[in-house]
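1. Sequence below, structure please.
(2 chains)
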Amino acid sequence: KNQVEQSPQSLIILEGKNCTLQCNYTVSPFSNLRWYKQDTGRGPVSLTIMTFSENTKSNGRYTATLDADTKQSSLHITASQLSDSASYICVVSPMFSGGYNKLIFGAGTRLAVHP
Amino acid sequence: ETGVTQSPTHLIKTRGQQVTLRCSSQSGHNTVSWYQQALGQGPQFIFQYYREEENGRGNFPPRFSGLQFPNYSSELNVNALELDDSALYLCASRGGYTDTQYFGPGTRLTVL
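-> Residues are numbered from 1 along each chain as shown, chains lettered A, B, ... in the order given. The predicted structure follows:
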C-alpha cells in the first residue's frame, strides 16, 4: 500500500475557479509534509512545506493545510490561472529515515485549467 | 530555475545497453539524490550521495549505481537496461542545514 495517497487522480476546472486537492498519508512519525508543482517534462518545484506542528501554510494563491490527527493534507488553489495546469505532488519526509533525506512521494494530481 | 542542471534531456537506448546520466548540483549543495519517475507516478527514491559517498538507497537493484565528484556533480549509471527502466530520471540537490531539495529538469530515458 502506498504510504502517500492523493485524490483526485486528475481534475479539470475553468480559469478563475478554486479547487482543493487531497493527500492522505500513513507515514508516521514524519518531520514535514510538502506540496510540489511539476510542469510536464520538468522537475518538481516546492510550493509549501509544513512541519508536523503546523496546520496551514500559504504561498500566494496556494494554501496548504495539515491535520496530523487524521493524517490528511489539502492544497487549495484560489482564482486558478492557465499556468496552474500541472501535476501537484504531496511529499512526506519520515522522521527517522536512517540518516538520509528520504522523501515519500504521492502519485500526484494532474490539474488542467481551461479558459 | 532551481540551479540544478541535468544532461542529456532525452535519451533512447535499447535493452541490454548501459547508460550514464549527469547532474550538476546547485552551487554549495553537497548532497544529491536521484529519483525515477514512471509515467503518471510520483518519483521513487533511488539513492543519495553526501560528500562523494552513498548514504542511502531505495529498492533498486545493484545495476543502478552512482558517483558524486569533488565538485558535488553526480552521475547515475544503469547497466543491462530493461524496458521498465523507461522513465524520467530526476536529480535533486540540497545543502547546509535545509532539507529542501531542489530538483533538476530531469532526463527522459526511453528503452526500446
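2. Can I get the helix or strand hosting residue A:73 in PDB, CA atoms only?
-> Take DSSP states H and E as the rule and residue A:73 turns out to sit in strand A:72-77. The C-alpha coordinates for strand A:72-77 follow below in PDB (Å, rounded to 0.1, in the frame of the first residue of the first chain):
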ATOM      1  CA  GLN A  72      -4.700  14.400   5.900                       C
ATOM      2  CA  SER A  73      -3.400  17.400   4.000                       C
ATOM      3  CA  SER A  74      -5.000  19.500   1.300                       C
ATOM      4  CA  LEU A  75      -3.800  22.100  -1.200                       C
ATOM      5  CA  HIS A  76      -6.300  24.800  -2.000                       C
ATOM      6  CA  ILE A  77      -5.700  26.900  -5.200                       C
END
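3. which other residues reach that strand?
-> Contacts to strand A:72-77, defined as C-beta atoms under 8 Å, 6 or more residues apart in numbering or on different chains, come from residues A:18-25, A:33, A:35, A:47-48, A:50, A:61-67, A:84, A:88, A:90, A:111. (Each C-beta comes from the backbone N, C-alpha and C, glycine too.)
4. Please list only the buried members of the residues you listed.
-> Members of the contacts of strand A:72-77 that pass the buried threshold by neighbour count (16 or more other C-beta atoms under 10 Å in any protein chain shown) are listed as A:19, A:21, A:23-25, A:33, A:35, A:47-48, A:50, A:62-66, A:84, A:88, A:90, A:111.
5. Go back to these and keep what's next to chain B.
-> Of the entries in the buried ones among the contacts of strand A:72-77, none also sits close to chain B under the rule C-beta under 8 Å from any C-beta of the partner chain.
6. and those residues, which of them are in strands?
-> Mapping these onto strands (DSSP state E) picks out A:19, A:21, A:23-25, A:33, A:35, A:47-48, A:50, A:62-66, A:88, A:90, A:111.
7. roughly how far out does the worst-scoring helix or strand of chain A on mean pLDDT sit from the chain middle?
-> The least trusted helix or strand in chain A, going by mean pLDDT, DSSP states H and E, turns out to be strand A:104-105, with a mean of 88. Taking the mean of its C-alpha atoms, strand A:104-105 sits 10 Å from the chain's own mean (C-alpha atoms, centre = their mean, to the nearest Å).
8. right, is it up against chain B?
-> Yes. Judged by C-beta under 8 Å from any C-beta, strand A:104-105 and chain B are in contact via residue A:105.
9. Quick one: residues contacting residue B:57.
-> B:46, B:47, B:48.
10. Check residue A:15 too.
-> Listed by C-beta under 8 Å, 6+ apart, the contact partners of residue A:15 are A:80, A:81, A:82, A:113, A:114, A:115.
11. change it to 10 Å
-> The neighbours of residue A:15, taking C-beta atoms under 10 Å, 6 or more residues apart in numbering or on different chains as the test, are A:79, A:80, A:81, A:82, A:84, A:85, A:113, A:114, A:115.
12. Can you redo those residues as JSON lines, where the extra columns are pLDDT and secondary structure?
-> Converted to JSON lines, these look like this (pLDDT from 0 to 100; DSSP: H, G, I helix; E, B strand; the rest coil):
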{"residue": "A:79", "pLDDT": "97", "secondary structure": "coil"}
{"residue": "A:80", "pLDDT": "97", "secondary structure": "coil"}
{"residue": "A:81", "pLDDT": "97", "secondary structure": "coil"}
{"residue": "A:82", "pLDDT": "97", "secondary structure": "helix"}
{"residue": "A:84", "pLDDT": "97", "secondary structure": "helix"}
{"residue": "A:85", "pLDDT": "97", "secondary structure": "coil"}
{"residue": "A:113", "pLDDT": "97", "secondary structure": "strand"}
{"residue": "A:114", "pLDDT": "96", "secondary structure": "strand"}
{"residue": "A:115", "pLDDT": "95", "secondary structure": "coil"}
